[in-house]
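Peer 1: attaching a predicted model along with its sequence, questions to come.
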Amino acid sequence: KLQFLYFIGLSPATMPDDHSLGTMFVSVMIGVRVMYALVSSVADCDEVFNYWEPAHQLMYGKGLQTWEYSPDYGLRSYLYLYVNMWSGVMVQNVLTRSSVFMVMRGGLVVLSGYIDSAFVNACSEAFGRRVGWLLGGLLVFSTGSTMASFCFLPSSFTLMCLTSAISNQLYFKSSSLAPVFYAIFFAVISVVLGWPFVGFIAVPMGLHALTVYGLVRPLVVGILVTGTLGVLVYQTDSTFYGRPVFSTWELVKYNVLGCLPYADTKDLSVDPSNLLQRLGCFKDETGSRGAHLYGVEGPEFFFKNLFLNFNVAFLAALLCPVALLLRRVVVGPSEKVWLKVTCVSPFFLWFVFWLFIPHKEERFMVPIYSTLCLTAAVTLDAVIDVTDQLVGKRTGKGTWPATAMGIAVWLVVAVVFIVLSISRSSALTTYYSAPLSIMYEVSVLQGGSGEVLCMGRDWYRFMSHFFVPEFLVVAFVNDGFAGLLPKYFTSTTTAPPGFNDLNQMDPNQFVSPDTCTYLVATSFPSDTAPSYNPDEWTMMSETPLLDVQSTSTLHRAFMLPSYVPGDAVYGKMMLLKRN
C-alpha cells in the first residue's frame with residue numbers, strides 16, 4: 001500500500017496528518033471527468049488512427065493503421081498501447097466494444113484523478129493549504145485538464161507521468177531515496193514511452209535532485225530506469241515490427257533529423273560539422289519531410305489555445321514571475337521560493353520552446369497542464385498575500401484571504417474562471433458531440449458480411465472500430481482530401497502498399513461511392529454544394545453539429561446565453577443508407 005502511494009506521487013512518510021484535501025478532490029475530479037468522457041467525441045483524429053485503431057487491432061484483430069506504424073518507419077510504440085489498454089483488456093470478453101471504449105476512457109480518468117489528487121496533497125504540504133485549494137479548484141474545473149484526462153494520446157500519458165514526478169519531487173529529502181527514485185522513474189517513462197521531447201523540462205527537477213542527493217544516487221537510478229525501460233521498448237517494438245526498432249529514436253529521427261531536404265531517413269549519419277544545421281531542422285518549414293507537412297501556425301496559436309482551455313488561469317500563470325517578485329517586495333521573502341521556481345519552470349520552458357516551432361497542435365501543450373495550474377495557483381496565492389498586506393494586517397499562513405479585498409480578489413477570479421470553464425467545456429460537448437452520437441447508431445447496425453461504411457470529407461470524425469460492427473468494412477471516398485489516409489492492418493510486420501512519410505495521397509486509398517452501403521456525411525448552411533446525392537440515400541439518423549464557418553468566433557469557443565449578439569449556427573451529421 002505504501003509503495004502504491006509513492007507510485008502515484010503521494011509520499012506517506014512525509015504527508016501532513018490531515019491529508020483530506022486530496023481525498024476530497026479525487027472524488028470530485030473523477031466524477032466531473034467521467035461525466036465529460038461519456039459524452040465527448042474524440043477531438044483529434046491522430047488519437048483515433050494512431051492509438052484507438054491499433055489498440056482495436058491488438059484486441060480484436062481488425063483496425064486501421066497510419067504510415068507511422070509501417071515497419072519501414074516504426075514511429076509508434078506497441079508497448080505504449082499495451083500500457084494504456086489495461087482496463088479494456090480486462091472487460092473485452094464481457095462487454096460490447098463501444099462499452100469497452102468507455103471503460104478504457106474511464107480507466108484513464110480514474111488514474112488521472114488519483115495522480116492529480118496526489119499532486120494537490122503534495123503542493124498543499126509544500127506550499128500551504130491555500131495553494132492546495134487553488135490548485136485543486138483549477139484542476140477540477142479547467143477545460144484543458146478535464147478533456148486531457150480521458151485521451152489516449154502520449155501527451156496525456158506524459159502529463160500524468162510528469163505530474164507524478166513533480167509530486168515526488170516535493171518530498172525530496174536526503175534521508176529517503178523513494179521520492180527521487182519514483183520522480184526519476186516517471187520522468188524517464190514520460191520521455192522513453194511517452195514523448196521524448198519533454199526530456200528537457202525535467203532538467204529543473206534533476207538539478208533539484210542533485211542538490212539534495214548528490215550526483216551518484218540520482219545518476220545510478222537514472223541509468224537503471226532508462227536502461228530497463230529502453231530494453232523493454234526495444235524488445236517489444238522489434239517483436240511487433242519484425243525488425244530491430246527503437247520507436248523513441250525513430251520519432252526523434254523523423255521530427256528532428258528527417259525533415260532536411262537532403263536527409264534520407266533510412267540512413268542518417270550525423271556529421272559534427274553540420275550538427276547545428278541538423279538540429280535547426282526542427283524549425284524548418286521547407287524540408288521534404290517532417291511535422292511541418294501537417295500544417296504550421298504562428299506564436300499566437302498557443303496563446304489562444306491555452307486561454308480557451310484555462311482562461312484567466314493561463315493569464316495568472318504568465319504573471320507568476322511578476323507576482324513572486326511583487327510579493328517579495330511588499331510582503332518579504334517567501335518560504336521555499338526556489339522550490340516554487342523549480343516546480344513552475346517546466347511550464348515556462350515548454351511554452352516558450354513551442355512558440356518557436358512552426359508545427360503546432362493543441363495536444364502539444366498538454367504535458368504542462370498540471371504545472372500551468374500550479375503556476376496559476378502560486379500567482380494567486382502571492383496576489384492574495386500582497387493584497388492583504390497592502391489593505392490590512394496579514395494573519396500569517398491562513399488558507400483564506402485575511403481582508404475583504406483579498407476575499408474579493410479570490411471570489412472574482414474564482415467566479416470568472418468557473419463560468420468560462422463550464423461554458424467552454426459545455427460548448428465542446430454540445431457543439432461537437434455529433435460524431436459520438438452517430439457512431440453509436442453505427443454500432444447497432446445489423447447486416448451481412450462485406451457491407452461497407454464510407455467516410456468522405458468527414459473522415460477525421462471517425463471514432464474508431466470500437467463503434468463499428470464486425471460485418472462492416474470502413475472505406476474512404478474521395479471528397480477532396482489530398483493527403484495520405486490510414487489503411488487496414490495486414491499484420492504488424494508488413495504494411496499496405498502506398499504508405500509514405502511525405503503525406504502524399506495514394507490513389508488506391510479511395511473506393512468508388514457505388515461500393516458504399518452506408519455513408520457518414522455532414523450538411524451545413526455554409527456548404528456551396530451537397531457532399532452527397534440525396535436521391536441515392538435514405539436518412540437513418542441525424543444529429544446537430546456546429547457549422548464553424550457560419551458561427552462567430554465567440555460562439556464557437558463558448559456556450560453563451562441567447563442575449564449575447566450572434567448565434568450558434570448548426571448543420572447536421574448523418575448516417576445514410578443507400579436506397
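Peer 2: Received the coordinates, thanks.
Peer 1: would you map the helices across the stretch 51-200 of the chain?
Peer 2: Secondary structure of the stretch 51-200 of the chain (DSSP state H, counting those that start in this stretch): helices at 53-60, 78-84, 86-91, 97-127, 129-141, 143-148, 154-169, 178-189.
Peer 1: let's have the ones you listed in JSON lines, adding distance to Thr226.
Peer 2: Backbone N, C-alpha and C define where each C-beta goes, glycine included. Formatted as JSON lines, those follow (distance: least, Cβ to Cβ, whole Å):
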{"stretch": "helix 53-60", "distance to Thr226": "25"}
{"stretch": "helix 78-84", "distance to Thr226": "15"}
{"stretch": "helix 86-91", "distance to Thr226": "23"}
{"stretch": "helix 97-127", "distance to Thr226": "22"}
{"stretch": "helix 129-141", "distance to Thr226": "29"}
{"stretch": "helix 143-148", "distance to Thr226": "26"}
{"stretch": "helix 154-169", "distance to Thr226": "14"}
{"stretch": "helix 178-189", "distance to Thr226": "5"}
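Peer 1: closest to Pro71 out of those helices?
Peer 2: helix 78-84 (11.6 Å; Cβ to Cβ).
Peer 1: if you count neighbours, what's buried in the closest one?
Peer 2: Tyr78, Leu79, Tyr80, Leu81, Asn84 (16 or more other Cβ atoms under 10 Å).
Peer 1: nearest residue to the third one other than its sequence neighbours?
Peer 2: So the one you mean is Tyr80. Leu193 (5.5 Å; Cβ to Cβ, 6 or more residues apart in numbering).
Peer 1: would you confirm that the one you found contacts Arg76?
Peer 2: No. The pair Leu193 / Arg76 is not scored as a contact, 11.2 Å apart, by Cβ atoms under 8 Å.
Peer 1: which stretches of the chain have low pLDDT?
Peer 2: Applying pLDDT under 70 to the chain picks out residues 1-20, 22, 258-295, 392-402.
Peer 1: show me where it has strands.
Peer 2: In the chain, strands defined by DSSP state E lie at 64-65, 451-455, 472-476, 487-488, 518-523, 537-546, 570-578, listed in chain order.
Peer 1: and Ser117, which of these is closest to it?
Peer 2: Comparing the strands of the chain under Cβ to Cβ, the one sitting nearest is strand 537-546, at 33.8 Å.
Peer 1: partner strands of that closest one, with direction?
Peer 2: According to DSSP bridges, strand 537-546 forms sheet pairs with strand 570-578 (antiparallel).
Peer 1: between the strand it pairs with and strand 518-523, how many degrees?
Peer 2: Angle of strand 570-578 versus strand 518-523, following axes from the mean of the first three to the mean of the last three Cα atoms, to 10 degrees, is 160 degrees.
Peer 1: for strand 570-578, C-alpha coordinates in PDB please.
Peer 2: This file holds the C-alpha atoms of strand 570-578, laid out as PDB (Å, rounded to 0.1, in the frame of the first residue of the first chain):
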ATOM      1  CA  TYR A 570     -26.000  24.300 -36.700                       C
ATOM      2  CA  GLY A 571     -25.700  21.900 -39.600                       C
ATOM      3  CA  LYS A 572     -26.200  18.100 -39.200                       C
ATOM      4  CA  MET A 573     -24.200  14.900 -39.200                       C
ATOM      5  CA  MET A 574     -26.000  12.000 -40.700                       C
ATOM      6  CA  LEU A 575     -25.900   8.200 -41.100                       C
ATOM      7  CA  LEU A 576     -27.200   7.400 -44.600                       C
ATOM      8  CA  LYS A 577     -28.100   4.000 -46.200                       C
ATOM      9  CA  ARG A 578     -28.000   3.500 -49.900                       C
END
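Peer 1: would TSV of the buried residues of helix 78-84 with distance to Glu335 be doable?
Peer 2: Converted to TSV, these look like this (distance: Cβ to Cβ, whole Å):
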residue	distance to Glu335
Tyr78	46
Leu79	42
Tyr80	40
Leu81	44
Asn84	39
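Peer 1: OK, contacts around the residue nearest to Tyr80?
Peer 2: Ser77, Leu79, Tyr80, Val83, Phe157, Leu229, Val233, Thr248 (Cβ atoms under 8 Å, 6 or more residues apart in numbering).
Peer 1: ok, and what's touching stretch 461-468?
Peer 2: 41-42, 45, 48-49, 52-53, 56, 60, 62-64, 97-98, 100-101, 434-436, 439-440, 442-443, 453, 455, 474, 520, 573.
Peer 1: in ChimeraX, how would I select the buried members of those?
Peer 2: The ChimeraX command for the buried members of the contacts of stretch 461-468 (criterion: 16+ other Cβ under 10 Å) is given here:
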select :41,42,48,49,52,53,56,63,64,97,98,100,101,434,435,436,439,442,443,453,455,474,520,573
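Peer 1: quick check: Glu125 touching Val131?
Peer 2: No. Glu125 lies out of contact with Val131 (Cβ under 8 Å); the separation is 9.8 Å.
Peer 1: residue closest to the middle of the protein?
Peer 2: The chain has Ser156 as the residue nearest its centroid, 3.6 Å off, counting by Cα atoms, centre = their mean.
Peer 1: tell me the contacts of it?
Peer 2: Counting by Cβ under 8 Å, 6+ apart, Ser156 has contacts Leu108, Ser112, Ala148, Ser149, Arg363, Val366.
Peer 1: please convert these to JSON lines, extending it with neighbour count and distance to Leu207.
Peer 2: Below are the contacts of Ser156 laid out as JSON lines (neighbours: other Cβ atoms under 10 Å; distance: Cβ to Cβ, whole Å):
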{"residue": "Leu108", "neighbour count": "23", "distance to Leu207": "31"}
{"residue": "Ser112", "neighbour count": "26", "distance to Leu207": "27"}
{"residue": "Ala148", "neighbour count": "26", "distance to Leu207": "27"}
{"residue": "Ser149", "neighbour count": "28", "distance to Leu207": "29"}
{"residue": "Arg363", "neighbour count": "20", "distance to Leu207": "28"}
{"residue": "Val366", "neighbour count": "23", "distance to Leu207": "24"}
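Peer 1: can I get these in CSV including distance to Met539?
Peer 2: Listed next are these as CSV, based on distance: Cβ to Cβ, whole Å:
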residue, distance to Met539
Leu108, 35
Ser112, 39
Ala148, 35
Ser149, 35
Arg363, 34
Val366, 37
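Peer 1: list the residues that contact both of Glu125 and Val131?
Peer 2: With Cβ under 8 Å, 6+ apart as the test, Glu125 and Val131 reach no residue in common.
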